[in-house]
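A.B. asks: After the sequence you'll find the predicted model.
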Amino acid sequence: MLPKRRKSKARKRTRRSHHALVAVQLMACPQCSQAKLSHAACGNCGYVNAHSSVKVATEES
């Protein structure tokens, strides 16, 4: 079954106005100054917060 009336471009685009992508928010790690996600462990040094940190595996060749 087809719609009775066609949706105008303005109505269609207004409906889709919330579908835009949002850029990832990065912050500098306080320990090593590498870019990291907020509220996540640093991939370079493993820093989480002042009370805890995560061990990071290093590549050995």
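C.D. replies: Looks like it arrived, so ask away. Keep in mind the model is a prediction, meaning the values are calculated, not measured. Numbering: from 1, shown residues only.
A.B. asks: Now the residue nearest to the spatial centre of the chain: which helix or strand?
C.D. replies: Note on the chain: the residue nearest the mean C-alpha position is residue 24, at 3.4 Å, using CA atoms, centre = their mean. For residue 24, there is no host helix or strand (DSSP states H and E).
A.B. asks: count of residues packed around the nearest residue to it once chain neighbours are set aside?
C.D. replies: Excluding the flanking residues, the one nearest residue 24 by CB to CB, 6 or more residues apart in numbering is residue 37, at 7.2 Å. C-beta: built from backbone N, CA, C; applies to glycine. The number of residues packed near residue 37 is 12, by other CB atoms under 10 Å.
A.B. asks: Got the phi and psi for residue 37?
C.D. replies: When read as degrees, to the nearest 10, the backbone of residue 37 gives phi -70, psi 140.
A.B. asks: can you tell me how far it sits from residue 25?
C.D. replies: Here the criterion is CB to CB, to the nearest Å. By it, residue 37 lies 8 Å from residue 25.
A.B. asks: now swap in residue 48 and tell me
C.D. replies: 17 Å.
A.B. asks: Please identify which of the two sits among more neighbours.
C.D. replies: Neighbours were counted for residue 48 and for residue 25 using other CB under 10 Å; residue 48 has more, 13 against 8.
A.B. asks: Now the more buried one. Nearest residue, chain neighbours left out?
C.D. replies: Distance criterion CB to CB, 6+ apart; nearest residue to residue 48, sequence neighbours excluded, is residue 41 at 4.8 Å.
A.B. asks: what secondary structure does that neighbour sit in?
C.D. replies: coil (DSSP: H, G, I helix; E, B strand; the rest coil).
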